[in-house]
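[1] Build me a model from this:
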Amino acid sequence: MEAFARWILQVGEGEVQRISISDDGEPAWIKILHEFLKPNDEDGIQNLIAAVCPNLFTEYTYWLYLRERGILAPQMTMLMKSTRSCYR
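    As a prediction, this is how the structure comes out:
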């Protein structure tokens, strides 16, 4: 977790190399280090929930536990899909 926090600070400070995803585009993208990625397979959402909220099913009634965790989703459909995955 500490390594990820340091890396996020480096991203914010502009210290992480940016890349272009097209020949004529500006280098506005960054590569996320492999060690910080979660597999995006058929269990991708479950893997993400397990990484962000370990012990969710025993701790979900404690608001402090939930307050310290969060999953950002670019679309409402992804948020709803991850929420439904919690109830499986």
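[2] What strand or helix carries the spatially closest residue to Leu33 that is not a sequence neighbour?
    Nearest in space to Leu33, with sequence neighbours left out and distances taken as C-beta to C-beta, 6 or more residues apart in numbering, is Trp7 at 6.5 Å. All C-beta spots, glycine's among them, are computed from the backbone N, C-alpha and C. Element membership of Trp7 [criterion: DSSP states H and E] is helix 2-12.
[3] residues near the residue nearest to Leu33, how many?
    17 (other C-beta atoms under 10 Å).
[4] can you map out the strands along this structure?
    Ranges of strands in the chain, per DSSP state E, are 18-19, 29-30.
[5] I am assuming the residue nearest to Leu33 contacts Lys31, so please confirm or correct that.
    No. Counting by C-beta atoms under 8 Å, Trp7 stays clear of Lys31, with 11.1 Å between them.
[6] Output the strands of the chain in a markdown table, with distance to Phe36 appended to each entry.
    Shown next, in a markdown table, are those (distance: least, C-beta to C-beta, whole Å):
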| stretch | distance to Phe36 |
| --- | --- |
| strand 18-19 | 16 |
| strand 29-30 | 11 |
